[in-house]
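[1] any chance you could fold what I've pasted below:
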Amino acid sequence: MAVERINSAADPRIAAYRDVRDGELVRSRGLFVAEGRFVVRRVIEDRRYRVESVLLNGAALKDLASTVATLARDVHVLVCDADTLAEITGYDVHRGCLALVHRPPATRADEVFESARTILILEGVSNADNVGGVFRNAAAFGAGGVLLSPTGCDPLYRKAIRTSMGASLSVPFARAGDGDWPGVLTRVRAAGFTIVALTLGDPAETLDAFAAGPRASRVALMVGTEGAGLTPAVEAEADSRVRIPINEDVDSLNVAVAVGIALYRLRRTGTV
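    Prediction:
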């Protein structure tokens, strides 16, 4: 393992890391950023991903030495002190460790639901914490994949990966194209899924009532943004409209919380 020492935030070898806060710029280069020791270890160990470089402080290098040692010889291992790392990145939630990773080829929407028993469908969910939370719930409760509308947060955005505890690296996902939304939902139904919209509006049956009814062999659980929820055109594609009862003085649940509750309840019935 050849370690390259970085003594200045102006060093050209770490130019790409100065742009990590600009997700669109990183994405345009075909890369994504993994941050934090848990996530970086996970992405190095997962051979589906090709690491471009890692940037660590001394403490993180010591902690991850055995994992970093498995990297290919052409991967740049860049090491600097904590102050220089903070100057480079401009934030400190990475626990002294970041990696630039090549994005894998995009997955086709149909690949996400070909073999899964339960999938999640997200429409326009743009908050990185929510997307990360949804993926973490998907991994925890056994959902087989996530289908995304054309707009919304990238699951490989660094904050989404961190919030998901790396689940967005392992749970399959695909983003529908502009010309395939919401038409892709027709193919989801044709594949044998019951499309279930989580909604606050009426008419809708409670989650408990739906879970107690006839068991669906495959379920696609569909959610929209907090507050606005699903658009009318997309909600109209649902086979069932389901709500989670909440106190009247609360207008909605966090979308990741709602997904977690729904997946847990469906899992108890053997649907997930």
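
[2] report the contact partners of the residue lying closest to residue 42 once chain neighbours are set aside.
    Spatially, and ignoring its direct neighbours in sequence, residue 42 is nearest to residue 166 (4.3 Å; Cβ to Cβ, 6 or more residues apart in numbering). C-beta here means a position set from N, CA and C on the backbone, and glycine is covered the same way. Counting by Cβ atoms under 8 Å, 6 or more residues apart in numbering, residue 166 touches 38-39, 42-43.

[3] which among those gets closest to residue 30?
    Using Cβ to Cβ, residue 43 comes nearest to residue 30 of these, at 15.3 Å.

[4] the residue lying closest to that closest one once chain neighbours are set aside: which element?
    Excluding its sequence neighbours, the residue lying closest to residue 43 (Cβ to Cβ, 6+ apart) is residue 34, at 4.6 Å. Here residue 34 sits within strand 31-35, counting by DSSP states H and E.

[5] also residue 196?
    Going by DSSP H and E, residue 196 is part of strand 194-198.

[6] what's downstream of that strand, the next helix or strand?
    Strand 194-198 is succeeded, C-terminally, by strand 205-206 (DSSP H and E).

[7] hmm, who's touching that following strand?
    With Cβ under 8 Å, 6+ apart as the criterion, strand 205-206 contacts 240-245.

[8] over to stretch 98-105?
    Contacts for stretch 98-105 (Cβ under 8 Å, 6+ apart): 16-17, 20, 26-27, 30-35, 40, 43-44, 48-56, 89, 156.

[9] which of those are buried? Put it as a ChimeraX command.
    The ChimeraX selection below is limited to those of the contacts of stretch 98-105 classed as buried (16 or more other Cβ atoms under 10 Å):
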select :16,17,20,26,31,32,33,34,35,40,43,44,49,51,52,53,54,55,56,89,156
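
[10] filter the contacts of stretch 98-105 down to the ones in strands?
    Counting by DSSP state E, the part of these found in strands is 31-35, 50-56.

[11] need those in a markdown table (columns: distance to residue 127 and pLDDT).
    Below are these laid out as a markdown table (distance: Cβ to Cβ, whole Å; pLDDT from 0 to 100):
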| residue | distance to residue 127 | pLDDT |
| --- | --- | --- |
| 31 | 22 | 93 |
| 32 | 18 | 93 |
| 33 | 18 | 92 |
| 34 | 20 | 94 |
| 35 | 18 | 92 |
| 50 | 29 | 97 |
| 51 | 27 | 97 |
| 52 | 27 | 96 |
| 53 | 29 | 96 |
| 54 | 28 | 97 |
| 55 | 27 | 96 |
| 56 | 29 | 95 |
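
[12] which single one of those is nearest to residue 194?
    residue 32 (33.1 Å).

[13] residue 156 is in contact with that closest one, correct?
    Yes - in this structure, residue 32 is within contact of residue 156 by Cβ atoms under 8 Å, at 4.1 Å.

[14] coming back round to it: tell me the contacts of the residue nearest to residue 43?
    Residues near residue 34 by Cβ under 8 Å, 6+ apart: 40, 42-43, 98-99, 101, 158, 161, 169.

[15] as a markdown table, these with pLDDT would be great.
    Listed next are the contacts of residue 34 as a markdown table, based on pLDDT from 0 to 100:
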| residue | pLDDT |
| --- | --- |
| 40 | 96 |
| 42 | 96 |
| 43 | 96 |
| 98 | 94 |
| 99 | 96 |
| 101 | 96 |
| 158 | 90 |
| 161 | 96 |
| 169 | 97 |
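
[16] among those residues, which pair sits farthest apart?
    For the contacts of residue 34, the farthest-apart pair by Cβ to Cβ is 98 and 169; their separation is 14.6 Å.

[17] which of the two has more neighbours?
    residue 98 (26 against 22; other Cβ atoms under 10 Å).

[18] the more buried one belongs to a strand?
    Yes - per DSSP: H, G, I helix; E, B strand; the rest coil, residue 98 lies within a strand segment.

[19] residue 80 versus that one, what's the distance?
    Using Cβ to Cβ, to the nearest Å, one obtains 11 Å as the distance from residue 98 to residue 80.

[20] so what's residue 139 closest to, chain neighbours aside?
    residue 167 (3.9 Å).
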